[in-house]
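Novice: predicted model, plus sequence, below.
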Amino acid sequence: MNWEDYIKDFCAHLRLERGLSENTIKSYKSDIEGFCAFLTKDLSIKDPNSVGKSDIEKYLKETVDSGLNKRSQARKLSSIKAFYKFIGIMGDKCSQNTPCSTIETPKMSRHLPTVLSTEEIDKIIGSIDLTQELGFRNKAILEILYSCGLRVSELIELKLSDLFFKENEQFIRVIGKGNKQRLIPINEVAIETVNNYLPHRWNSLQGAQNDRGKHNSSKGISGRKISAFAQESNNTLFLSRRGGKLTREMVFTIVRQQAKAAGINKQVSPHTFRHSFATHLVENGADLRVVQQMLGHESILTTEIYTHVSSNQWMKNILEHINKKTPLNIIPSILP
């Protein structure tokens, strides 16, 4: 088997046996293709089974020389290790005995994520122009990102059928990494914002479908494609201007534009809202296991970073509340 065949089978393994998301599989594939390109071009190695420890070390040195940061170096090495573990399984070899099994991962200082204060979040959401049709959608997106702590991939995959807004059942259903389902409580403010968006969503969907129908009929395209488009869009919660499903890039653009409009001088991304959600829960006394479940973290070690993020802010909040002589509040609306 050549590199291409191994990479194809590796991606199928990640998808079918490990249940990883398409975005994660793309990252693995990109890392291995870059590794393959270096070996075939610079070292003329055509067979993955011919790779030795020294070859991998040469590749890693190349990434260092190119200025790649330690976090990216560690990710690439992790991808290579997963790839050779898979090759070992395919060849009935010991998956621990690979050419990279004794290569140490670069040591990294712990990176603390950027977090927004509640005032900054309110400022960003308050800067949205609701005189525009898309303003209601954008406000609902930001409210969901913060009040539920979703990943971007989870947000754009939300369906109308994932919303449970009954009086005694206020939560959303999310399909996270590894196709794992979790239920996340949602507060009244976010519910109201989503409900305010839904009539505008319907108007956008109807207009987009009418325009698409006229465009396709002029080209002689059958109604089958229009029907498939309508079926997907009818259940997708957040739609683009043209009535299709939002992309990750669109969500990033919405968040950055609103942060800029609000005058927030930080690097703000959709994940910043997720970090802020988790940090504010920890600051207000939420159990770390609860936060782990709500974020969909496989390991609580991943969640523990928010205890570090919140430590300085926690002391600041205590001093503020002491000065104001008011008690610290838990956030009951988003705790189970």
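Specialist: Now that the structure is in, tell me what you want to look at.

Novice: would you map the strands across this structure?
Specialist: Secondary structure of the chain (DSSP state E): strands located at 163-166, 169-175, 181-185.

Novice: which elements pack onto the longest one?
Specialist: The reference is to strand 169-175. If you count contacts as 3 or more CB pairs under 8 Å, 6 or more residues apart in numbering; DSSP states H and E, strand 169-175 packs onto helix 133-148, strand 163-166, strand 181-185. For glycine as for every other residue, the C-beta is placed from the backbone atoms N, C-alpha and C.

Novice: now do the second one: which elements does it pack against?
Specialist: Same thing as strand 163-166. Contacts defined by 3+ CB pairs under 8 Å, 6+ apart place strand 163-166 against strand 169-175, helix 188-218.

Novice: ditto for the last one
Specialist: Strand 181-185 sits against strand 169-175, helix 288-295, with contacts defined as 3+ CB pairs under 8 Å, 6+ apart.

Novice: specify the stretch among the ones you listed that is closest to Asn69.
Specialist: Nearest to Asn69, of all those, is helix 288-295, at 24.4 Å by CB to CB.

Novice: from the contact counts, what lies against the closest one?
Specialist: Short answer (3+ CB pairs under 8 Å, 6+ apart): helix 288-295 packs on strand 181-185, helix 270-283, helix 300-303.

Novice: worst average pLDDT in the ones you listed?
Specialist: Looking at the helices and strands packed on helix 288-295, the lowest mean pLDDT belongs to helix 300-303 (a mean of 87).

Novice: rewinding a little: Asn2 is nearest to which of the helices and strands packed on helix 288-295?
Specialist: Asn2 lies closest, by CB to CB, to one member of those: helix 300-303, at 36.2 Å.

Novice: check which residues of the closest one are buried.
Specialist: For helix 300-303, the neighbour count (16 or more other CB atoms under 10 Å) marks Thr303 as buried.

Novice: same thing with stretch 189-200?
Specialist: Using 16+ other CB under 10 Å as the test for burial, stretch 189-200 gives Ala190, Ile191, Thr193, Val194, Tyr197, His200.

Novice: okay, these in a markdown table with pLDDT and distance to Phe277 next?
Specialist: Putting these into a markdown table (pLDDT from 0 to 100; distance: CB to CB, whole Å) gives the following:
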| residue | pLDDT | distance to Phe277 |
| --- | --- | --- |
| Ala190 | 96 | 11 |
| Ile191 | 96 | 16 |
| Thr193 | 97 | 15 |
| Val194 | 96 | 16 |
| Tyr197 | 95 | 20 |
| His200 | 89 | 25 |
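
Novice: how about those in a markdown table, adding distance to Gly243?
Specialist: Formatted as a markdown table, the buried residues of stretch 189-200 follow (distance: CB to CB, whole Å):
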| residue | distance to Gly243 |
| --- | --- |
| Ala190 | 23 |
| Ile191 | 24 |
| Thr193 | 21 |
| Val194 | 18 |
| Tyr197 | 14 |
| His200 | 12 |
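
Novice: which of the helices and strands packed on strand 163-166 has the lowest average pLDDT?
Specialist: It's helix 188-218: among the helices and strands packed on strand 163-166, that one has the lowest mean pLDDT, namely a mean of 75.

Novice: and which of the buried residues of stretch 189-200 is nearest to Gln293?
Specialist: Nearest to Gln293 among these, with distances taken as CB to CB, is Ala190, at 18.4 Å.

Novice: need the contact list for the closest one.
Specialist: Ala140, Glu143, Ile144, Ser147, Cys148 (CB atoms under 8 Å, 6 or more residues apart in numbering).

Novice: and of these, the nearest to Tyr28?
Specialist: Nearest member of those to Tyr28, counting by CB to CB, is Cys148, at 27.3 Å.

Novice: where in the stretch 201-336 of the chain is pLDDT low?
Specialist: By pLDDT under 70, the weakly predicted segments of the stretch 201-336 of the chain are 207-233, 310-336.
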